[in-house]
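# Give the three-dimensional model of this entry:
(chains A and B)
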Number of protein chains: 2
Amino acid sequence: MLYVKTPEEVLAMIESEFAPLGQTETVPLSDAMGRILAEDMAAREYVPDFDRSTVDGFAVPASDTFGSSDAIPAILPLQAPVLMGQGADFSLDEGACVAVPTGGAVPWDADSVVMLEYTEDYGDGTIGVAKPAAPGMNMIFRGDDVYPGKVILHKGRVLSSADIGALAAIGQVRVKVAKKLTVGVISTGDELVPPEVQPGPGQVRDVNSPMLEAMLTAFGCKVINYGIVIDDEALLSDKVKKAIADCDAVLLSGGSSVGVKDAACRIIESVGTLLLHGIAIKPGKPTILGKAGEKPIVGLPGHPVAAYFITKLFVQPLLGRLTGRDMTAYTVTAKVTESISANHGRAQYHCCRLTEKDGQLCAQPIRGKSGLITTLAGADGYFCIDRDCEGLPQGAEIQVTITGGV
Amino acid sequence: MLYVKTPEEVLAMIESEFAPLGQTETVPLSDAMGRILAEDMAAREYVPDFDRSTVDGFAVPASDTFGSSDAIPAILPLQAPVLMGQGADFSLDEGACVAVPTGGAVPWDADSVVMLEYTEDYGDGTIGVAKPAAPGMNMIFRGDDVYPGKVILHKGRVLSSADIGALAAIGQVRVKVAKKLTVGVISTGDELVPPEVQPGPGQVRDVNSPMLEAMLTAFGCKVINYGIVIDDEALLSDKVKKAIADCDAVLLSGGSSVGVKDAACRIIESVGTLLLHGIAIKPGKPTILGKAGEKPIVGLPGHPVAAYFITKLFVQPLLGRLTGRDMTAYTVTAKVTESISANHGRAQYHCCRLTEKDGQLCAQPIRGKSGLITTLAGADGYFCIDRDCEGLPQGAEIQVTITGGV
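Modelled structure (predicted):
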């Protein structure tokens, strides 16, 4: 017997029932943005690979400048300058200095760089230094940033543009990432017509197929959209079996009619194991989860807003689990603009619009009588009212998850 | 004479010197995720288009159930049921009720739906209703959600998956969006080698080209990468002119050598107008901005971390301006894990890693002596220390902009 589970129980079940697939591929750095790193990335060399100046100035042994001042500058003979992009694999002459550009290499026995501003070129092959240098001043030493073996990015990281820059810096031009999951999306319901069709009496457009395709593509999956299947158990069963054969995971977005959920349960039991029948959240209670072999099959509610939240809250973590993806997410703090009641006993999710007023972030819950997806157009994020909470007073502080992007 | 400007002055200059290009294209809904809406989107029809039930139950005129109770149920003759996906364009018989599934159409003169749980089927063609219904109960009426002319999404919106769902719901399967900008990226510097090449003495890998390509592609641009140009003003000038001809905007990421900035200024003045020479922030001061006709040319610092921040803080808003993009961004509140000093007089930006500790978000500034891009690997976001602030004590509350994604 399967009972309705809490969100925490469902997330724990996802961890225990599913494991990372471990399927990886190697892609060029130019295709790695947003991909999931499949191994810890360690540097194989020193960054920088030579001692560099951080300013335009003169490289010196600091000790040659000790005691210098505006009144009594240290006077140092000038050697031929270090050129940008060239090495400085030579020693300074005794007591001499050398001009070095920002980023340029510093010769072996110089240990500091005096900024141009504190020097004077006497024009006779000598430079006056008006301020004592301290060893290490205005320099970066070899390996200061990174050294061989230092892990700079951890497995599971979704690669950002700064990460791409870091990988370029260490010459990692090919990157091992998790293979993209292929996810099948099936919509069922006698009342559904494709979005481009004008609905007849009693019909509604299929919202879930295009919405799920957009969500999952942005989440980094390949999506196979199997379109609309009418409420016929045999047809639906055939389509689910085909999708299981083609894909790594299958999302079945149920019609609203009573029979579809039961049919979906029977179909899952005929191809694998039913794990879950119902989650104690609103919207989204009539959610089912099963697996065929290691492949998850999720029966989403037909109601688009419910399908949206179930996908955000459980399907993305499930797909994240299969790819070893770091699922850390951050919330912003906002004050709710109006009081809001809640169903005691079920975690309740609301989309909201965010505005700033006197430096304070305000969250306007999006309600609308019907709760249809059109009311969510323009939403900036969502928040949850805990199952132990009977509602929120106006001005209560809430944590909003921002939904731009995916 | 051009002076160093504050970040606020630079953002105001972007607004005054550049205008939306107004170039649009129409894409299928399946390609609209993440694109910038080019016009207000108004519904052209009612959603829902018919009165619907929100539960499985029996549609009734509420007045026929007034006064009913468990002890004395209202007994109503049952008509042939409404089927899912079919209209209910008929009247109820006097005093009768009709079975309606969740989402099903409700006949004209029923004004409420009684949930299955509160009814009993006597098996003789009559139904007992044990609870009085209120008019409108468990129903969504035509147009409750959306009606013709109602704006559901505003121009400039970056389309999210919920927006895609809403557009599907109103049958908007083709969407007018801002055309993608083509941005040219040029790296200059004698010391640069491509990331796949092992740097020789005094050389470093070109980090900015791949990093900027990743950032701008994720931001929704097409990027033309012109590769590395050596510090030769004539060569650089030719390359910039070619990029201006090919692209909507050009980013020139300068080498670290002194001459490159001056050359970039002269090149911009030879093809257009120099608007800005220096921004009072750290890192990123040596930034230049100009325009050739309406096309912006940005001279980024060669230092990858500085180039990263200038792109986040000014180039993305500039490209947003050209496309009419809503640039609203949200920050999370965190406590800084260690005290940090700042340059009084310049806004100072730091990348950080975020961790949660006892329900409190903590921001660990990423410093590293060199400030090279490898230290930013794994950054979760960044924060700013105001120019009027001399530093932050450990535990100070800061606002962190999350950087995953772009």
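
# What backbone torsions are found at the most centrally placed residue in chain A?
The geometric centre of chain A, computed from its C-alpha atoms, lies nearest to residue A:158 (CA atoms, centre = their mean), at 4.8 Å. The phi/psi pair for residue A:158 (degrees, to the nearest 10) reads phi -80, psi 120.

# For it, which non-adjacent residue is spatially closest?
residue A:36 (5.8 Å; CB to CB, 6 or more residues apart in numbering or on different chains). Bear in mind the C-beta positions are built from the backbone N, C-alpha and C, glycine included.

# what residues are up against the one you found?
A:156, A:157, A:158, A:159, A:177, A:178, A:220, A:323, A:324, A:325, A:326 (CB atoms under 8 Å, 6 or more residues apart in numbering or on different chains).

# next one: residue A:156
A:36, A:37, A:324, A:325, A:326.

# Equivalent analysis for residue A:339, please.
Counting by CB under 8 Å, 6+ apart, residue A:339 has contacts A:391, A:392, A:393, A:394.

# I'd like these written out as TSV, with secondary structure and distance to residue B:26 added.
Listed next are the contacts of residue A:339 as TSV, based on DSSP: H, G, I helix; E, B strand; the rest coil; distance: CB to CB, whole Å:
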residue	secondary structure	distance to residue B:26
A:391	strand	44
A:392	strand	42
A:393	coil	46
A:394	coil	42
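
# same for chain B: which of those are within range?
Subset of the contacts of residue A:339 in contact with chain B: empty, counting by CB under 8 Å from any CB of the partner chain.

# which of those residues are buried?
residue A:392 (16 or more other CB atoms under 10 Å in any protein chain shown).

# Which of the contacts of residue A:339 scores worst on pLDDT?
Among those, residue A:391 carries the lowest pLDDT, at 90.

# Tell me what it is bridged to.
In this structure, residue A:391 bridges to residue A:341 when assessed by DSSP bridges.

# Residue A:166 should be in a helix, yeah?
Yes: using DSSP: H, G, I helix; E, B strand; the rest coil, the secondary structure at residue A:166 is a helix.

# can you give me phi and psi for the nearest residue to it once chain neighbours are set aside?
Leaving out its chain neighbours, the residue that sits closest to residue A:166 by CB to CB, 6+ apart is residue B:377, at 3.6 Å. The phi/psi pair for residue B:377 (degrees, to the nearest 10) reads phi -60, psi 130.

# swap in residue A:103?
Here is the backbone geometry of residue A:103 (degrees, to the nearest 10): phi 90, psi -10.

# ok, it touching residue B:203?
No: using CB atoms under 8 Å, residue A:103 makes no contact with residue B:203, being 10.3 Å away.

# what touches both of these two?
residue B:191.

# among the contacts of residue A:156, who's most crowded?
residue A:37 (25 neighbours; other CB atoms under 10 Å in any protein chain shown).

# in the stretch 51-200 of chain A, which segments are predicted with low confidence?
Scanning the stretch 51-200 of chain A for pLDDT under 70 picks out no residues.

# ok and the residue in it nearest chain B?
Residue of the stretch 51-200 of chain A nearest chain B, by CB to the nearest CB: residue A:87 (2.4 Å).

# Name the single longest strand found in chain A.
As assigned by DSSP state E, the longest strand anywhere in chain A is strand A:347-357.

# Secondary structure element holding residue A:310?
Using DSSP states H and E, residue A:310 sits in helix A:304-310.

# give me the low-pLDDT residue ranges for the stretch 201-350 of chain A?
Low-confidence segments of the stretch 201-350 of chain A (pLDDT under 70): A:255-259.

# and with 50 instead?
Scanning the stretch 201-350 of chain A for pLDDT under 50 picks out A:256.

# give the contact list for residue A:380.
For residue A:380, the contact set (CB under 8 Å, 6+ apart) comprises A:352, A:353, A:354, A:400, A:402, A:403, A:404, B:328, B:330.

# Do a quick rundown of the helices in the stretch 51-200 of chain A.
A:161-169 (DSSP state H, counting those that start in this stretch).

# which one of the contacts of residue A:156 is nearest residue B:132?
residue A:325 (51.7 Å; CB to CB).

# list the buried ones in the helix holding residue A:310?
Buried residues in helix A:304-310, defined by neighbour count with 16+ other CB under 10 Å: A:304, A:305, A:306, A:307, A:308, A:309, A:310.

# so how far is it from its chain's centroid?
21 Å (CA atoms, centre = their mean, to the nearest Å).

# Quick one: list the elements packing against that helix.
Packing partners of helix A:304-310 (3 or more CB pairs under 8 Å, 6 or more residues apart in numbering or on different chains; DSSP states H and E): helix A:208-218, strand A:295-300, helix B:161-169.

# since we're on residue A:359, how many residues are nearby?
When counting by other CB under 10 Å, one arrives at 5 neighbours for residue A:359.

# Which pLDDT value belongs to it?
Residue A:359 carries a pLDDT value of 84.

# ok, now how distant is it from residue B:354?
22 Å (CB to CB, to the nearest Å).

# cool, residue A:130 as well?
44 Å.

# At which residues are the strands of the stretch 1-150 of chain A located?
With DSSP state E, counting those that start in this stretch as the definition, the stretch 1-150 of chain A shows strands at residue ranges A:24-28, A:41-42, A:52-53, A:57-60, A:74-79, A:97-100, A:112-115, A:119-121, A:126-129, A:139-140.

# Let me know which of these is the nearest to residue B:147.
strand A:24-28 (47.5 Å).

# average pLDDT for that closest one?
98.

# what residues are up against residue A:184?
Residue A:184 neighbours (CB under 8 Å, 6+ apart): A:223, A:224, A:226, A:243, A:244, A:246, A:247, A:249, A:250, A:251.

# now it: how far from residue A:302?
According to CB to CB, residue A:184 stands 17 Å off from residue A:302.

# Turn the strands of the stretch 1-150 of chain A into a markdown table, columns for distance to residue B:297 and mean neighbour count.
Converted to a markdown table, these look like this (distance: least, CB to CB, whole Å; neighbours: other CB atoms under 10 Å in any protein chain shown):
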| stretch | distance to residue B:297 | mean neighbour count |
| --- | --- | --- |
| strand A:24-28 | 28 | 13 |
| strand A:41-42 | 34 | 20 |
| strand A:52-53 | 28 | 26 |
| strand A:57-60 | 30 | 28 |
| strand A:74-79 | 37 | 19 |
| strand A:97-100 | 30 | 25 |
| strand A:112-115 | 30 | 24 |
| strand A:119-121 | 34 | 16 |
| strand A:126-129 | 37 | 19 |
| strand A:139-140 | 30 | 22 |
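
# Dump these into CSV; add distance to residue B:110 as well.
Shown next, in CSV, are the strands of the stretch 1-150 of chain A (distance: least, CB to CB, whole Å):
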stretch, distance to residue B:110
strand A:24-28, 57
strand A:41-42, 64
strand A:52-53, 80
strand A:57-60, 86
strand A:74-79, 97
strand A:97-100, 87
strand A:112-115, 85
strand A:119-121, 92
strand A:126-129, 95
strand A:139-140, 78
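
# Pop out the phi and psi values for the residue of chain A most remote from its centre.
Outermost residue of chain A with respect to the C-alpha centroid, by CA atoms, centre = their mean, is residue A:124; its distance is 58.4 Å. When read as degrees, to the nearest 10, the backbone of residue A:124 gives phi -110, psi 20.

# and it, what is it in contact with?
So residue A:124 contacts nothing (CB under 8 Å, 6+ apart).

# For residue A:292, see how far away residue A:270 is.
9 Å.

# Compare the two (neighbour count), which wins?
Neighbours per residue (other CB under 10 Å) separate residue A:270 from residue A:292, with residue A:292 holding more: 20 against 12.

# Does that one touch residue A:244 like I think?
Yes: using CB under 8 Å, residue A:292 is in contact with residue A:244, at 5.0 Å.
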